[in-house]
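Q: turn this into a model:
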Amino acid sequence: MMKRAALHSLGCKVNSYETEAMRQMLQDAGYEIVPFHEAADLYVINTCSVTNIADHKSRQMIHRARKQNPDAIVAAAGCYVQTSREQAERDESIDIRLGNNRKQDLITAVREFEERRARVLAGNRPGMEKQHDPVVHMSPDINRQGQAYENLKVSHPAEHTRAFLKVQDGCNQFCSYCVIPYARGRVRSRRPEDVVRETYELAENGFQEIVLTGIHLSSYGADLGCTLLDLIRELHEIDGIRRIRLGSLEPGIITESFVRELAGMKKVCPHFHLSLQSGSDAVLKRMNRKYTTEEYFDKCELLRRYYEHPALTTDIIVGFPGETQAEFAETCEFIKRVSFYEIHVFKYSKRDGTAAARMDGQIAEQVKTERSKELLNLSAMLKEQFVSWYEGRQVEVLFEDSVLLNGRNFQEGFTPEYVKTGVFGDESFRNRIMMVEFFRFIV
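A: Here you go, the predicted model:
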């Protein structure tokens, strides 16, 4: 009888990609993939630790898996099991812990557990292993410092018409609030020839849009002697790929030469997620961000000089230690000045081991909540303004799904700027790119 496996991913798009890769590995090993809420022989939870809430959700999903089938093997992978090592060690719901850069060893770890019925630790970062842990020594090309690039790939993603493509891992920035450099290690990049090979496979499998992702995508190639722009040039030449979307970028990569060349590559979507975090220079300095608000604004204006209506999106942290009401007001005014399409708002989460956790002036949770609500309202207003530009225009849409809207079948998809729209009709347009008159969703 075929064994059943269920997977759940938390956090970022990099985690989503890695979960897809593990799903594909399990299918190739003969597992039937089932929804996470169903009974399974193996549960894989790809965890996140970017906030306290992410930690809580990771534990919650681990315990849910154990409750659903007490006899199943439960594998917890990724950031939570590294940054919260002691908690993970004590958690008897976890049979296998897979550190970052060891997710490729899932199948070997499962077989090791089945043979020994003893808890398995597969390659956490240095200093995390204890003598009583049965460490599985695998993949000799991956060093103990986690500085080699993990050999994961996805050729047939399960769901979307867009294919996420992880090309980079790790971060060297050490922002004062962020635990990710400790969880993911230093910058390392996937070899361009491997990225190109996977992209060809995705194109052959019918995917027309790829989304380049990484923990710090702007650093791609720093360890290989090439750049992100070099990689994009190669991918732009692949037949069948009609859209290249970029994941989160740092403002520093946005230069005149970078934008000029991107604008000349018509497959690159005019959708730029530039991480901001705060609109106050004083807060940015405490965060150890490497730019000022004026420098950031200049990058946005540069993009608008080369693109007619680029979608500019960003992340904002509210309630960073010491953030005064005046500094928060600066953030609100700066957001209006830039006029973003979308803003992802996060309440500051204290992470042990980071510089910000030791700072004075920790902000009350109620204040964070109030500031978060204010920014979300501002974000909704700016999104409405951005989307209104499309009224009466013809737009290019990559169709994804058929949904019911006001009792009628609606074929929905996204423009290159990642604005949702579509047309009414019973015929499915899934994975087709078409020009249609813009239909405005309630935003």
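Q: now do the strands in the stretch 151-300 of the chain.
A: For the stretch 151-300 of the chain, applying DSSP state E, counting those that start in this stretch gives strands covering 162-169, 188-189, 209-214, 243-246, 271-273.
Q: orientation of the first one relative to strand 209-214 in degrees?
A: Here strand 162-169 points in a direction 20 degrees away from that of strand 209-214 (axes from the mean of the first three to the mean of the last three Cα atoms, to 10 degrees).
Q: what sits up against strand 162-169?
A: 13-14, 16-18, 20, 100-101, 149-150, 152, 154, 157, 184-185, 187-190, 195, 198-199, 202, 207, 209-217, 219-220, 231, 243, 245, 398, 400 (Cβ atoms under 8 Å, 6 or more residues apart in numbering). Just so you know, the C-beta spots here come from the backbone N, C-alpha and C atoms, and that holds for glycine as well.
Q: so Cys48 touches Ser58, yeah?
A: Yes - using Cβ atoms under 8 Å, Cys48 makes contact with Ser58 at a distance of 6.1 Å.
Q: those two - which one has more neighbours?
A: Counting neighbours by other Cβ atoms under 10 Å for Cys48 and for Ser58 shows that Ser58 has the greater number, 27 against 22.
Q: host element of the more buried one?
A: Under the criterion of DSSP states H and E, Ser58 resides in helix 52-68.
Q: return the set of buried residues in that helix.
A: Ala54, Asp55, Lys57, Ser58, Arg59, Met61, Ile62, Arg64, Ala65, Arg66, Gln68 (16 or more other Cβ atoms under 10 Å).
Q: residues making contact with that helix?
A: 6, 8, 10-11, 36-40, 43, 45, 47-49, 72, 74, 76, 79-80, 83-84, 87, 91, 93-94, 349-351.
Q: need the buried ones from those residues selected in PyMOL.
A: Here is the PyMOL command that selects the buried residues among the contacts of helix 52-68 (16+ other Cβ under 10 Å):
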select buried, resi 6+8+10+11+36+40+43+45+47+48+49+72+74+76+79+80+83+84+91+93+94+349+351
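Q: for the helix holding Ser58, the distance to its chain's centre please.
A: Helix 52-68 sits 19 Å away from the centroid of its parent chain (Cα atoms, centre = their mean, to the nearest Å).
Q: for the longest helix that the chain contains, packing partners?
A: For the chain, the longest helix by residue count, based on DSSP state H, is helix 365-388. Packing partners of helix 365-388 (3 or more Cβ pairs under 8 Å, 6 or more residues apart in numbering; DSSP states H and E): strand 311-318, helix 325-338, strand 342-347.
Q: most packed of those?
A: Burial of the helices and strands packed on helix 365-388 is given as mean neighbour count (mean count of other Cβ atoms under 10 Å); strand 311-318 ranks first at a mean of 23.
Q: please enumerate residues in contact with that one?
A: Residues outside strand 311-318 that contact it (Cβ under 8 Å, 6+ apart): 177, 248, 270-279, 287, 300, 303, 328, 331, 335, 338-348, 368, 371-372, 375, 386, 417-419.
Q: re the thing from before, dump the helices and strands packed on helix 365-388 to TSV, plus distance to Arg408 and mean pLDDT.
A: Shown next, in TSV, are the helices and strands packed on helix 365-388 (distance: least, Cβ to Cβ, whole Å; pLDDT from 0 to 100):
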stretch	distance to Arg408	mean pLDDT
strand 311-318	28	98
helix 325-338	36	98
strand 342-347	27	96
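Q: out of the ones you listed, the one nearest Glu115 is which?
A: strand 342-347 (42.5 Å; Cβ to Cβ).
Q: okay, angle between the closest one and helix 52-68 too, please.
A: Relative orientation of strand 342-347 and helix 52-68, computed by the same axes, to 10 degrees: 80 degrees.
Q: in its sheet, what does strand 342-347 sit against?
A: Using DSSP bridges, strand 342-347 pairs in its sheet with strand 311-318 (parallel).
Q: now the angle from the strand it pairs with to helix 365-388?
A: 170 degrees.
Q: would you put the C-alpha positions of strand 311-318 in CSV?
A: These are the backbone C-alpha positions of strand 311-318, laid out as CSV (Å, rounded to 0.1, in the frame of the first residue of the first chain):
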residue,chain,number,x,y,z
ALA,A,311,4.0,48.5,-8.9
LEU,A,312,6.1,49.5,-5.9
THR,A,313,5.5,47.4,-2.8
THR,A,314,7.3,47.2,0.5
ASP,A,315,7.5,45.9,4.1
ILE,A,316,7.1,48.1,7.2
ILE,A,317,7.8,47.2,10.8
VAL,A,318,5.8,49.2,13.4
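Q: pLDDT weak spots in the stretch 51-200 of the chain?
A: Applying pLDDT under 70 to the stretch 51-200 of the chain picks out residues 122-151, 153, 155-160.
Q: which parts of it are helices?
A: Listed in chain order, the helices found in the stretch 51-200 of the chain under DSSP state H, counting those that start in this stretch are 52-68, 79-83, 85-90, 106-116, 180-184, 192-204.
Q: will you turn these into a markdown table that also has distance to Arg430?
A: A markdown table is the format used below for the helices of the stretch 51-200 of the chain (distance: least, Cβ to Cβ, whole Å):
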| stretch | distance to Arg430 |
| --- | --- |
| helix 52-68 | 29 |
| helix 79-83 | 33 |
| helix 85-90 | 40 |
| helix 106-116 | 30 |
| helix 180-184 | 34 |
| helix 192-204 | 16 |
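Q: list the buried residues in stretch 229-249.
A: 229, 231-232, 235, 238, 241-249.
Q: for Asn431, find the nearest of the helices and strands packed on helix 365-388.
A: It's strand 311-318; of those, that one is closest to Asn431 (Cβ to Cβ) at 21.7 Å.
Q: so Tyr43 sits against Pro70, correct?
A: No - contact criterion Cβ under 8 Å: Tyr43 and Pro70 do not qualify, at 11.4 Å.
Q: how many neighbours does Thr19 have?
A: Look at Thr19: counted by other Cβ under 10 Å, it has 24 neighbours.
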